[in-house]
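**Q** Sequence plus predicted model, see below.
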Amino acid sequence: MDLGLKGRACVVTGASRGIGQETARLLCAEGASVLLVGRNEERLTAAVAKTGAAGAQAGGQAEALVLDVTAEDAGERMLTAAIERFGALDVLVNNAGAAQWRDLDEVPDEDWRAQYELNVMAPLRAMRAAAPPMAERGWGRVVNVCSTAGKRPSAAMPEYSVAKAAELSLSRLFADRYAKSGVLVNAICPGPVEGELWMEPGGLLDQSQQMSGAESREEALAVAGSKRPIGRLAKVGEIAAAIVFLCSERASYVAGAAWSVDGGTVQVII
């Protein structure tokens, strides 16, 4: 299926690993030009090399922008970089995020603020910079990578859940404002994913093992998977594929959605 992404200029945040890196790779493989944004220069350089290789045959290209997306000027800097390098910005994927497991009473005020900055203010600034020029050209795609925790709060990730719920609301507001201008804004809501956020040492899998009392990482992973109707955690590529579809021409009648890509975890029909 031709997704109509060849030659499109894209920005993906949180692109040095996990869902962001795989999303960038798939976009580039479709022939898009992709600006990978992240804080870790070493990881970002490796991700750009992998992304560029995936797009070589299709004419895609990949470049890096080392940037903290919570900076107040991050939105404008991403837009400027995309225009300077690719001539425009057609697609924005707000993916940067972080989480940890702990009890509601253990979260200090500064961490509530930090999650709000990362999951609400950062995508707000990015969309506020990117959406108007997209609207002027009459075409654009924005995908905000949210979470099932934004639909059904997780007691183990309280500050993350609240910030993700706010990001869903923000996404809908921008969708309503820009849909008639050809700029389609949507959200993706993954459940747990077998990416670095979960699987790296000290990540969410280790934290869940500690909180649940599981005897091993393997047991903790099996327990987490068993809570999904599909019986396992998602693969990174399964989430990225849904994101890339929403970035494409094929998603021309999808606006304001909050797609659950969670193996059936959140059992609602909206």
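**A** Thanks, I have it.
**Q** Can you give me the distance of the residue sitting nearest the centre point of the chain to Asp103?
**A** Against the mean C-alpha coordinate of the chain, by Cα atoms, centre = their mean, the closest residue is Asn95 at 2.4 Å. Computed as Cβ to Cβ, to the nearest Å, the Asn95 to Asp103 distance reads 27 Å. All C-beta atoms are positioned from the backbone trio N, CA, C, and that covers glycine.
**Q** Can I get the longest helix along the chain in CSV, CA atoms only?
**A** Taking DSSP state H as the criterion, the chain has its longest helix at helix 158-178. Extracted C-alpha coordinates of helix 158-178, given in CSV (Å, rounded to 0.1, in the frame of the first residue of the first chain):
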residue,chain,number,x,y,z
PRO,A,158,-0.1,8.6,38.8
GLU,A,159,1.6,11.7,37.6
TYR,A,160,2.2,10.1,34.1
SER,A,161,-1.5,9.1,33.9
VAL,A,162,-2.8,12.6,34.7
ALA,A,163,-0.4,14.3,32.2
LYS,A,164,-1.4,11.8,29.5
ALA,A,165,-5.1,12.5,30.1
ALA,A,166,-4.3,16.2,29.6
GLU,A,167,-2.4,15.5,26.5
LEU,A,168,-5.4,13.6,25.1
SER,A,169,-7.5,16.7,25.7
LEU,A,170,-4.9,19.0,24.1
SER,A,171,-4.8,16.7,21.1
ARG,A,172,-8.6,17.0,20.6
LEU,A,173,-8.5,20.8,20.9
PHE,A,174,-6.0,21.1,18.2
ALA,A,175,-7.8,18.5,16.0
ASP,A,176,-11.0,20.5,16.2
ARG,A,177,-9.2,23.8,15.4
TYR,A,178,-7.3,22.6,12.4
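**Q** So what angle separates the directions of the next helix or strand after it and helix 158-178?
**A** Once helix 158-178 ends, the next helix or strand along the chain (criterion: DSSP states H and E) is strand 183-190. For strand 183-190 against helix 158-178, the angle by axes from the mean of the first three to the mean of the last three Cα atoms, to 10 degrees is 160 degrees.
**Q** Show me what strand 183-190 is packed against.
**A** On a contact count with 3 or more Cβ pairs under 8 Å, 6 or more residues apart in numbering; DSSP states H and E, strand 183-190 meets helix 122-137, strand 140-145, helix 148-151, helix 158-178, helix 236-246, strand 258-261.
**Q** in that strand, what counts as buried?
**A** For strand 183-190, the buried set under the neighbour-count rule, 16 or more other Cβ atoms under 10 Å, comprises 183-190.
**Q** Mind putting the helices and strands packed on strand 183-190 into CSV with mean pLDDT, mean neighbour count and distance to Gly38?
**A** Converted to CSV, the helices and strands packed on strand 183-190 look like this (pLDDT from 0 to 100; neighbours: other Cβ atoms under 10 Å; distance: least, Cβ to Cβ, whole Å):
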stretch, mean pLDDT, mean neighbour count, distance to Gly38
helix 122-137, 98, 20, 13
strand 140-145, 98, 27, 14
helix 148-151, 92, 23, 22
helix 158-178, 97, 20, 19
helix 236-246, 97, 22, 15
strand 258-261, 95, 20, 22
